[in-house]
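Asker: 3D model of this:
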Amino acid sequence: MKTMKWLLRREFWENKGSILWAPIVVGAVMVLFVAMSAFYGATGGRMDNHTTVTVDGHSTTTSSSFNGGIPPEARVEVAEMVAGAYVASAAPLYIMLFVVVFFYCLSALHDERSDRSILFWKSLPISDGQTVLSKVIVAALVAPLITIAVGTFVSLLLMLIMGIALASHDVNMFGLVLSNPKFYLAPLQLLGMLPVYILFALPTIGWLLMVSAWAKSRVFLWAVGTPAISIIIVKWVNFMLGAGVNLDWFINNVIIRVLIGLCPGSWFLIEKIDMGQLVQRHDSTFEVALHQSWMTLGSPSVWFGAVAGCAMIFMAMRLRRWKDEG
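Answerer: This next block holds a predicted model:
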């Protein structure tokens, strides 16, 4: 346990820029941009004293206060919508998480062979399994947790800025939002999707680490090009020999699962979940998303993919033990 703790610290220290500082910097830029936009709108005449709120297709325009000019039922609708979905404002950070972890896995085992630092680490009483497992934990758990923490904080700041901007125009929504239970449940619901994310990310993590441990150069081309070429080969075999291979099934359950499993929410695409269900109940977006996310675990393909990912992670451990640039 102590060895794994130091291995995780090593991974964090070596990749602090991409895992920690990248989301912080992007989040700061988002907050600064929204703050400047709100300030410009408030002082530059871009916002007037009329506020229009649309709920269920009906628009209400008011020039008075939020409490007096909008019907009570509309106020509740707006408050629930904001309280239940404000964490979605940090979506760019979760998209960036996919890119960061993707390239982290690609370089995790390749770079230590390229700079020969693997010789130093192999001289220590640390097994290849422990080393590779530490990289898996960072990719599947540490990096997402840091992004969720930063994203939640950024979402709170963005909501605060917009709330202040609206309050300056007599649209006060702080009381209703802060008293809504969904405001406090939204970050927990987001965190509740993490186990689903890990299961869907395992095939991608395993594939990237295996390629990183095997390829001598051009790791990205091997990781992305091989699945792309396999589609062409399967299509050619299917056309020439009439093998009856379902190309759509192969792309969806093998190629897409291998390449985009690290993207948060990829399970909605992979399992073909109707996103309209998440839009219809806009007042509880993350509640519906959490329910639909866990429902995907009833599909056998999820567990087959997780097992395949574990098998590729094991292969990466074996490759690290035997393969050397020399």
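Asker: give me the packing partners of the helix or strand containing residue 162, helices and strands only.
Answerer: Following DSSP states H and E, one finds residue 162 within helix 143-167. When contacts are defined as 3 or more C-beta pairs under 8 Å, 6 or more residues apart in numbering; DSSP states H and E, helix 143-167 packs onto helix 22-43, helix 91-108, helix 174-178, helix 181-192, helix 194-214. Just so you know, the C-beta spots here come from the backbone N, C-alpha and C atoms, and that holds for glycine as well.
Asker: for residue 126, which three-state class applies?
Answerer: coil (DSSP: H, G, I helix; E, B strand; the rest coil).
Asker: what number of residues lie near the closest residue to residue 196 other than its chain neighbours?
Answerer: Closest residue to residue 196 apart from its sequence neighbours, by C-beta to C-beta, 6 or more residues apart in numbering: residue 293 at 4.6 Å. Neighbour count for residue 293, taken as other C-beta atoms under 10 Å: 23.
Asker: pretty sure residue 293 is in a helix, no?
Answerer: Yes - secondary structure of residue 293 (three-state DSSP): part of a helix.
Asker: can you tell me how far it sits from residue 190?
Answerer: As for residue 293, its distance to residue 190 is 10 Å (criterion: C-beta to C-beta, to the nearest Å).
Asker: how about the helix holding residue 162: buried residues?
Answerer: Within helix 143-167, the residues scored as buried using 16 or more other C-beta atoms under 10 Å are 143-144, 146-148, 150-152, 154-159, 161-163, 165-166.
Asker: ok, now which ones touch residue 215?
Answerer: When contacts are counted by C-beta atoms under 8 Å, 6 or more residues apart in numbering, residue 215 touches 110, 222-223.
Asker: can you tell me which of the residues you listed end up in helices?
Answerer: 110, 222-223 (DSSP state H).
Asker: will you turn these into CSV that also has distance to residue 5?
Answerer: What follows is the ones in helices among the contacts of residue 215, written out as CSV (distance: C-beta to C-beta, whole Å):
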residue, distance to residue 5
110, 25
222, 32
223, 29
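Asker: name the nearest of the residues you listed relative to residue 33.
Answerer: residue 223 (33.1 Å; C-beta to C-beta).
Asker: burial measure for residue 21, as a count.
Answerer: Neighbours of residue 21 (other C-beta under 10 Å): 11.
Asker: swap that for residue 211, sorry
Answerer: Residue 211: 23 neighbours (other C-beta under 10 Å).
Asker: wait, it touches residue 224, no?
Answerer: No - using C-beta atoms under 8 Å, residue 211 makes no contact with residue 224, being 9.4 Å away.
Asker: what secondary structure does residue 217 sit in?
Answerer: coil.
Asker: what's the answer for residue 264, then?
Answerer: Criterion first, three-state DSSP; result for residue 264: coil.
Asker: OK, contacts around it?
Answerer: 94-95, 97-98, 144, 193, 197.
Asker: find me the pLDDT at it, would you?
Answerer: On pLDDT, residue 264 comes in at 93.
Asker: report the distance from stretch 18-29 to the chain centre.
Answerer: 14 Å (C-alpha atoms, centre = their mean, to the nearest Å).
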